[in-house]
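Student: Dropping the sequence and predicted coords here.
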Amino acid sequence: MSDLICVAVIAGAFGVRGEVRLKSFTADPVAIGEYAPLVTEDGSRSFDVALEGQLTNGLLVRLSGVKTKEEADALKGVKLFVPRGRLPGLPDDEYYHADLIGLDVLDSGGGSLGRVKAVLNHGAGDILEVQVPGSSETVLLPFTMEAVPTVDLASGRIIADPPEGLF
């Protein structure tokens, strides 16, 4: 399991004074500042976060050290992380996306369906992108109790009951 958890991504500049549009992945998006400082994946930059307002598709924030639109534009697409220890513990049936990536996916009979490549969320719920063994093909598996009844982090596996014909 990774020590850093992705909590946000910079969606681009907003205005001319260095503010950015930020997409927060925290349970309470406006609480993103409570986890600061946020760091880039390589650890080369660190930012304090000041919430300026809410936007339709995210938050309007000011990041420490970012003063111009050009500096904000250069950060578009940068993912922001915090150490796992700074995040709250989770109930047994909730997981950080970073913990699911790389887990083996097995069917209820123990047959391999693949490995979790990514966890996606386009607004209607989480979806596991599963890399099919021996192929470049991926399958999108709904991350629901019906389709994924068991997640065993300790064993590094997920037991899935996918909808008929998905795999």
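Tutor: Perfect, thanks for sending it. Computed from a predicted model, the values in this text were never measured in an experiment.
Student: helix or strand right after the lowest-mean-pLDDT helix or strand in the chain?
Tutor: Of all helical and strand segments in the chain, the minimum by mean pLDDT, DSSP states H and E falls on helix 97-100, at a mean of 88. Once helix 97-100 ends, the next helix or strand along the chain (criterion: DSSP states H and E) is strand 104-107.
Student: still on that earlier bit, what sits up against the least confident helix or strand of the chain?
Tutor: The contact list for helix 97-100 (Cβ atoms under 8 Å, 6 or more residues apart in numbering) reads 1-2, 4-6, 25, 116, 119, 126, 128, 151, 153, 158. Every C-beta, even on glycine, is put in place using the N, C-alpha and C of the backbone.
Student: which of those residues are buried?
Tutor: Buried members of the contacts of helix 97-100, scored by 16 or more other Cβ atoms under 10 Å, are Leu4, Ile5, Cys6, Phe25, Val116, Val119, Asp126, Leu128, Val151, Ile158.
Student: which residues does the last one bridge with?
Tutor: Looking back up the chat, that one is Ile158. Val105, Val151 (DSSP bridges).
Student: Begin at 41, not 1, for the rest of this chat.
Tutor: From this message on, residue numbering opens at 41, which makes the last subject Ile198.
Student: show me what contacts it?
Tutor: Leu140, Leu143, Asp144, Val145, Leu146, Val156, Leu168, Val188, Thr190, Val191, Asp192.
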